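J.: sequence below, structure please.
(2 chains)
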Amino acid sequence: MSETIENFLELPLGDWHRGLGARMVPFAGYEMPVQYEGVMAEHIWTRTEAGLFDVSHMGQLRLSGEGAAEALEKITPGNLSALAPGKIRYTLLLSQDGGILDDLMVTNSGDHLNLVVNGATKHDDIAYLRDQLPDRLTLDHLEDTALLALQGPKAETALARLVPDAAKLYFMEAGSFEWNGIPLGISRSGYTGEDGFEISLSAGQAVALANALTQMDEVRPIGLGARDSLRLEAGLPLYGHDMNADILPVEANLSFALSKARREEGNFAGAERVLAQYPDKADKKRVGLFVDGRQPVREGATVIDDSGATIGIVTSGGFSPTLQRPIAMAYVPMNRSETGSAITVEQRGRKIACTVADMPFVPHHYHRKSKP
Amino acid sequence: MSRYFTDEHEWVEVEGDTATVGVTDYAQEQLGDIVFVEVPEVGTELEQGDDAAVVESVKAASDVYAAVSGEVIEVNEALEDEPGLVNTSAEEDGWFFRLTLSDKEELDDLMDEKAYKAFVDGL
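T.: Residues are numbered from 1 along each chain as shown, chains lettered A, B, ... in the order given. Predicted coordinates for the structure are as follows:
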């Protein structure tokens, strides 16, 4: 039975997407735009100009109260208590045995923290956070809030026309701004590997901002299809595909999210299991793959050894519009995870030769503050 | 020479005992940018409904089923270098394969162009 569209929730920009001719699909419980003019064109537009993404399905949370960062550290391996106001950190929500329940961005907003979690997991995340965090803290789900991402080399030029001061932010910094009297929470971050911004604002104002941006020559609306191919090229894992509750951070190749101070303290959920694998003692690891030929390998295809036995699995795969070749992410045994290792993937009975590749597949272009 | 269509958005052009098979313009529009087409090998015996080909877009793989039964006698080699032919010319240059029909009665269950157009308009 096919899913009926009525079962899916509407986002603030739903009609706006339809008005622009988007093809809408169910995603994370919502009806969302998968593409407008086409994945390939939208992907390349974002890499060369600026793309506007509606990511209002993601969970925007606000955590306030005394010691919020320290409390959150009990279930994340990030050094959040050391996070300065206006700074953002990528971290992982860990189960009691160290499995990855979600990945998230945490911003120190001064007197509270802002969290952005995945859309498909947000309700489970909220329940887990409420269960794990002390009662003196308040966790609000900002449901009447939209989230727009403006990504690409022209993103700064475009956004600065509306909010000149946003250009002063560096990668992984955030601040409060205003446009036409509308409050905007702006982060210099994203999920494409390009420079760009994520803009949080009241749902009722989202259409006005989306129109103001897409009226600019540099900006076009971009669907979820290109969002996926962009993040794959950028080597960024997708929760529920490239990691899940059965995967530990080192296996997921996310050791950078285990901050030094927190490794030494070892006092986060599942720390014993997680740190036992650090830095390279896991049996398997998420790696990037270059796929020989033109045919993509897809999520679920198996990694096999010379005898044909399954030794790993592809968790994301597609065609790279930038490189014009198929690329993938896969879990492979640690002893085959070095760059250049030959890997065989089996898909629909065919064997496809692959090579372990460095990630990102396409270089990041973040606007970093140069080190003094 | 006559052309038939299926509710899986394939077209079948029949000339004598030979059928040429491809996907419709509606299908290519739905699939988006096609980056690879896996066609069957020449000599493959297909039964109606078998997996016959795979169309890969940037994001997803889609199966193409055999609209009719028969032995594959030719495949469109041009798709190897230029899979985008399916986007630009789905119902002509972007054909997938040719087969020798083993049961022409199967054609009776397919739609003609008018019926297919009505089917697509109803989607």
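J.: quick check on the closest residue to chain B within the stretch 1-150 of chain A: phi, psi?
T.: The minimum distance from the stretch 1-150 of chain A to chain B, using CB to the nearest CB, falls at A:M40 (4.0 Å). (Each C-beta comes from the backbone N, C-alpha and C, glycine too.) With angles defined as degrees, to the nearest 10, A:M40 shows backbone torsions of phi -60, psi -50.
J.: count of neighbours near it?
T.: Residues contacting A:M40 under the criterion other CB atoms under 10 Å in any protein chain shown number 23.
J.: quick check: bridge partners of the residue nearest the centre of chain B?
T.: For chain B, B:G22 is the residue whose C-alpha lies nearest the centre (CA atoms, centre = their mean; 2.4 Å). With beta bridges defined as DSSP bridges, B:G22 has these partners: B:W11.
J.: quick one: contacts for it?
T.: Contacts of B:G22 were listed using CB atoms under 8 Å, 6 or more residues apart in numbering or on different chains, and they are B:E10, B:W11, B:V86, B:A90, B:E91, B:G94, B:W95, B:F96.
J.: show me the domain layout of chain A.
T.: Residue ranges for the structural domains of chain A, counted by automatic domain parsing, are given in the record as A:5-57+A:144-233, A:283-357.
J.: packing partners of the helix or strand of chain A with the lowest mean pLDDT?
T.: Comparing every helix and strand of chain A by mean pLDDT, DSSP states H and E singles out strand A:23-27 as the least confident one, with a mean of 92. The helices and strands touching strand A:23-27, judged by 3 or more CB pairs under 8 Å, 6 or more residues apart in numbering or on different chains; DSSP states H and E, are helix A:14-19, strand A:30-35.
J.: in the last one, what's buried?
T.: For strand A:30-35, the buried set under the neighbour-count rule, 16 or more other CB atoms under 10 Å in any protein chain shown, comprises A:Y30, A:E31, A:M32, A:P33, A:V34, A:Q35.
J.: got a markdown table for the residues you listed, with pLDDT and distance to chain B too?
T.: Converted to a markdown table, the buried residues of strand A:30-35 look like this (pLDDT from 0 to 100; distance: CB to the nearest CB, whole Å):
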| residue | pLDDT | distance to chain B |
| --- | --- | --- |
| A:Y30 | 94 | 18 |
| A:E31 | 94 | 17 |
| A:M32 | 95 | 14 |
| A:P33 | 96 | 13 |
| A:V34 | 94 | 8 |
| A:Q35 | 95 | 6 |
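J.: what parts of chain B come near chain A?
T.: The interface of chain B toward chain A, taken as CB under 8 Å from any CB of the partner chain, is made up of B:32-33, B:35-36, B:38, B:54, B:56-61, B:80, B:83.
J.: check those residues for burial and list the buried ones.
T.: With burial judged by 16+ other CB under 10 Å, the buried subset of these is B:32-33, B:35-36, B:38, B:54, B:56-61, B:83.
J.: tell me which of these fall in helices.
T.: By the criterion of DSSP state H, membership of these in helices covers no residue at all.
J.: among these, find the lowest-pLDDT one for me.
T.: Scanning those for pLDDT, the smallest score is found at B:K59, 79.
J.: what residues does the stretch 201-350 of chain A put near chain B?
T.: Counting by CB under 8 Å from any CB, the residues of the stretch 201-350 of chain A that sit close to chain B are A:G225, A:D228, A:S229, A:R294, A:Q295, A:P296, A:R298, A:G318, A:F319, A:P321, A:P326, A:R348.
J.: look up how far B:D51 lies from the last one.
T.: Spelled out, that is A:R348. Taking CB to CB, to the nearest Å as the measure, A:R348 and B:D51 are separated by 8 Å.
J.: ok, A:L142 - contacts?
T.: Under the criterion of CB under 8 Å, 6+ apart, the contact list for A:L142 reads A:Q60, A:L61, A:R62, A:S200.
J.: and stretch A:153-166, how far apart are its ends?
T.: Length of stretch A:153-166, first residue to last, CA to CA, to the nearest Å: 15 Å.
J.: which residue ranges form the strands in the stretch 251-372 of chain A?
T.: Remark: strands assigned in the stretch 251-372 of chain A by DSSP state E, counting those that start in this stretch are A:284-291, A:302-304, A:310-320, A:325-333, A:342-347, A:350-357.
J.: so for A:K371, what's the pLDDT?
T.: 63.
J.: quick revisit: closest one of the contacts of B:G22 to chain A?
T.: Within the contacts of B:G22, the smallest distance to chain A is 13.3 Å, found for B:V86 (CB to the nearest CB).
J.: coming back round to it: list the buried ones in the least confident helix or strand of chain A?
T.: Neighbour counts using 16+ other CB under 10 Å place A:R23, A:M24, A:V25 of strand A:23-27 among the buried residues.
J.: can you list the strands that that strand pairs with?
T.: According to DSSP bridges, the neighbouring strands of strand A:23-27, each with its direction, are strand A:30-35 (antiparallel).
J.: what lies in contact with the strand it pairs with?
T.: Where contact means CB under 8 Å, 6+ apart, the residues beyond strand A:30-35 that reach it are A:5, A:8-11, A:14, A:17, A:22-27, A:42, A:54, A:57, A:119, A:221, A:223-226, B:32.
J.: and the helices in the chain?
T.: Defaulting to chain A. For chain A, helices defined by DSSP H occupy the ranges A:14-19, A:39-48, A:68-72, A:122-132, A:155-162, A:206-214, A:224-233, A:260-265, A:271-276.
J.: switch to chain B, please.
T.: B:25-31, B:78-81, B:85-88, B:113-121.
J.: adding mean pLDDT, write those out as TSV.
T.: What follows is these, written out as TSV (pLDDT from 0 to 100):
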stretch	mean pLDDT
helix B:25-31	94
helix B:78-81	94
helix B:85-88	97
helix B:113-121	96
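J.: tell me how many other residues surround A:N244.
T.: Under the neighbour criterion other CB under 10 Å, A:N244 is assigned a count of 15.
J.: right, and B:V75 touches B:F96 too?
T.: Yes. Proximity of B:V75 to B:F96 meets the contact threshold set by CB atoms under 8 Å, at 7.1 Å.
J.: what residues are shared contacts of these two?
T.: Shared contacts of B:V75 and B:F96, defined by CB under 8 Å, 6+ apart, are found at B:V39.
J.: neighbour count: those two, which is higher?
T.: In this view B:V75 and B:F96 are compared by other CB under 10 Å, and B:F96 has more residues nearby, 23 against 20.
J.: which ones are touching residue 101?
T.: Picking chain A for this. With contacts defined as CB under 8 Å, 6+ apart, the neighbours of A:L101 are A:L92, A:L93, A:L94, A:S95, A:T121, A:D124, A:D125, A:Y128, A:A245.
J.: I was thinking of chain B, sorry if that wasn't clear
T.: Contacts were defined as CB under 8 Å, 6+ apart; by that measure B:L101 touches B:V14, B:D17, B:T18, B:A19, B:V68, B:S69, B:G70, B:L107.
J.: what does the pLDDT read for it?
T.: Reading off the confidence values, B:L101 has pLDDT 97.
J.: enumerate the residues of the stretch 1-150 of chain A near chain B.
T.: Within the stretch 1-150 of chain A, the positions near chain B by CB under 8 Å from any CB are A:Q35, A:G38, A:V39, A:M40, A:A41, A:H43.
J.: let me have those in TSV, extended by distance to A:S370.
T.: Written out in TSV, the entries for the residues of the stretch 1-150 of chain A next to chain B read as follows (distance: CB to CB, whole Å):
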residue	distance to A:S370
A:Q35	37
A:G38	37
A:V39	34
A:M40	34
A:A41	34
A:H43	29
